[in-house]
Every structure is written in structure tokens, then in C-alpha cells.
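In: Got a sequence here, can you model it:
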Amino acid sequence: MADKTYLDKVYDLSTPDETRALYDQWSDSYDDEVLENGYVTPIRVARALAAQVKNLDRAVLDFGCGTGLSGAALIQTGFTTVDGADLSAEMLTEAREKGVYRDLWQVHPGGELPFDPGRYHAITASGVIGSGAAPPETFDLLMENLAPQGLLAFSFNDHTLSDPEYEGRMRSWIEEGKAHVLFQEHGDHLPKIGLKATVYVLEKA
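Out: Predicted structure coming up:
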């Protein structure tokens with residue numbers, strides 16, 4: 001039997017330390033592997049956010065930026081100022097080389113974000129919150145740090161949608177009147193392996 005690819009392994013991860021270690025190891029080949037499988041979620045998220053934003057010059061935080069594919073998608077869509085944050089130092093090295101970010105930060109599991117709450121009126125999390133990546137409470141962390149009336153554009157892939165805790169976090173914000181959905185669309189994520197994702201844009205109350 002052939003060795004598992006990183007893409008095969010990622011959905012088996014169960015702790016933040018395992019996640020960081022795998023993404024550090026994956027950083028050199030990440031772009032090639034996901035793009036070979038048709039990875040389209042970054043551009044889907046970027047376009048969904050751009051359709052809801054009046055000023056594309058306002059800074060966007062690309063949370064879980066990885067190697068920078070999501071930041072490049074935001075720039076391609078017309079955003080001019082993009083900052084990035086990620087768990088993996090090696091992924092951030094790759095992102096820095098793309099030259100699309102104004103600032104880049106490394107974040108730590110369970111830690112506070114390296115900026116004051118409300119700094120950003122738009123945050124993206126493309127393929128970030130979910131199985132094999134950030135835990136459910138990451139959704140709360142991002143919403144709490146978003147500015148009032150700010151927008152969170154993110155995706156839940158099919159693996160994530162099968163775990164009710166993730167969508168439950170989002171539903172709690174909506175049902176409590178703390179956020180509402182501006183956009184929701186199920187579509188391709190990694191089409192070569194038949195994996196789809198729902199892209200959302202939520203506005204914080």
C-alpha cells in the first residue's frame with residue numbers, strides 16, 4: 001500500500017500540536033498537493049466576501065493563512081491590504097515569500113490573537129475551522145475579535161459539516177441575534193477527490 005499523502009493524513013489529526021507538526025512538515029509541498037486536487041475554497045471565500053464589502057482597501061485578516069493561497073485569492077479579488085495569521089511557522093515562511101501580506105503573525109493554540117479586538121472589520125478563514133484543522137471554539141474566537149458589523153467569511157468542508165459541534169457554534173450566534181448570514185453556498189472544495197464545502201459570510205451584530 002502506498003504511503004498516505006498529507007491530504008490523506010490531515011483529517012486524522014486530533015490535537016493542535018499534531019496539526020502544527022503536520023502543517024510544518026507539509027509546507028514545502030502543500031501548494032502542489034492541494035492545487036493538484038483543484039483546491040478552490042480560497043477564491044470562493046474571497047469572492048463571497050468581496051461581494052459584501054464596499055471598501056476593498058480596508059484591511060482583511062486572513063486567519064489560518066497557511067502558505068498564502070488564501071491571501072493571494074483576496075488580492076486577486078481586489079483587496080489591497082491583507083494580514084495573515086497561522087499556527088505553523090513553516091507555513092508562514094512560505095506565505096511571506098508570496099509577498100501578498102502586509103503583516104504576518106504566528107498564533108498559538110488556546111492563546112489570544114495578537115491584536116486588539118475590533119481591529120478588523122473583515123476576517124477570512126478558508127478551509128481553517130474544521131476536522132484536521134482548527135477546533136470549533138475558533139469560530140467563537142474570530143467572532144469575538146471581529147469589529148461590530150464586521151464580516152466573517154469562512155468555509156466548512158463536508159468532513160466538518162458531519163460534526164454538529166462546528167455548525168452548532170455558528171447557529172448559536174445566529175439564534176442569539178449576535179450575527180446573521182449574508183451568504184451561504186455549498187460547492188467545490190477539493191473537486192478531484194470529490195470533497196465539497198459550504199462557504200458562508202456572516203455579519204456580526
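In: hey, where'd the strands end up in the protein?
Out: Here the chain has its strands, by DSSP state E, at 60-63, 82-86, 104-106, 120-125, 146-157, 179-190, 195-204.
In: So for this structure, the centremost residue is which one?
Out: A125 (2.1 Å; C-alpha atoms, centre = their mean).
In: what's near enough to touch that residue?
Out: V45, F63, G64, A134, T138, L142, L152, A153, F154, S155 (C-beta atoms under 8 Å, 6 or more residues apart in numbering). Where you see a C-beta, it was placed from the backbone N, CA and C, and this is true even at glycine.
In: how does it look with 10 Å?
Out: 45, 61-65, 70, 85, 133-134, 138-139, 142, 152-156, 200 (C-beta atoms under 10 Å, 6 or more residues apart in numbering).
In: For PyMOL, what selects the buried ones among these?
Out: Buried subset of those, written as a PyMOL selection, criterion 16 or more other C-beta atoms under 10 Å:
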select buried, resi 45+61+62+63+64+65+70+85+133+134+138+139+142+152+153+154+155+156+200
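In: How much space separates the closest residue to T124 other than its chain neighbours from L202?
Out: Spatial nearest neighbour of T124, excluding adjacent residues (C-beta to C-beta, 6 or more residues apart in numbering): A153 at 4.8 Å. Distance of A153 to L202, computed by C-beta to C-beta, to the nearest Å: 8 Å.
In: And P191, by the same measure?
Out: Taking C-beta to C-beta, one finds P191 at 25 Å from L202.
In: so where's this protein shaky on pLDDT?
Out: Low-confidence segments of the chain (pLDDT under 70): 1-4, 6-14.
In: can we see that at 90?
Out: For the chain, residues meeting the criterion pLDDT under 90 lie at 1-35, 87, 91, 108-112, 114, 130-134.
In: Now do the helices in it.
Out: Along the chain, counting by DSSP state H, helices occupy 6-9, 16-26, 30-36, 41-50, 69-77, 89-98, 137-145, 158-161, 164-175.
In: Quickly list what the residue nearest to Y120 when sequence neighbours are not counted is bridged to.
Out: Among residues not flanking Y120 along the chain, L61 sits closest, at 4.5 Å (C-beta to C-beta, 6+ apart). Beta bridges link L61 to D83, I123 when assigned by DSSP bridges.
In: So L61 sits against D103, correct?
Out: Yes: counting by C-beta atoms under 10 Å, L61 touches D103, with 9.3 Å between them.
In: separation between Y101 and A153?
Out: 17 Å.
In: Actually, E33.
Out: Distance from E33 to A153, by C-beta to C-beta: 24 Å.
In: quick one on the thing from earlier: with respect to burial, which of the strands of the chain scores highest?
Out: strand 60-63 (a mean of 28; mean count of other C-beta atoms under 10 Å).
In: just checking, what packs against it?
Out: Here strand 60-63 touches helix 41-50, helix 69-77, strand 82-86, strand 104-106, strand 120-125, helix 137-145, strand 146-157, going by 3 or more C-beta pairs under 10 Å, 6 or more residues apart in numbering; DSSP states H and E.
In: Can you redo the ones you listed as JSON lines, where the extra columns are distance to D24?
Out: Formatted as JSON lines, the helices and strands packed on strand 60-63 follow (distance: least, C-beta to C-beta, whole Å):
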{"stretch": "helix 41-50", "distance to D24": "20"}
{"stretch": "helix 69-77", "distance to D24": "17"}
{"stretch": "strand 82-86", "distance to D24": "10"}
{"stretch": "strand 104-106", "distance to D24": "11"}
{"stretch": "strand 120-125", "distance to D24": "20"}
{"stretch": "helix 137-145", "distance to D24": "19"}
{"stretch": "strand 146-157", "distance to D24": "22"}
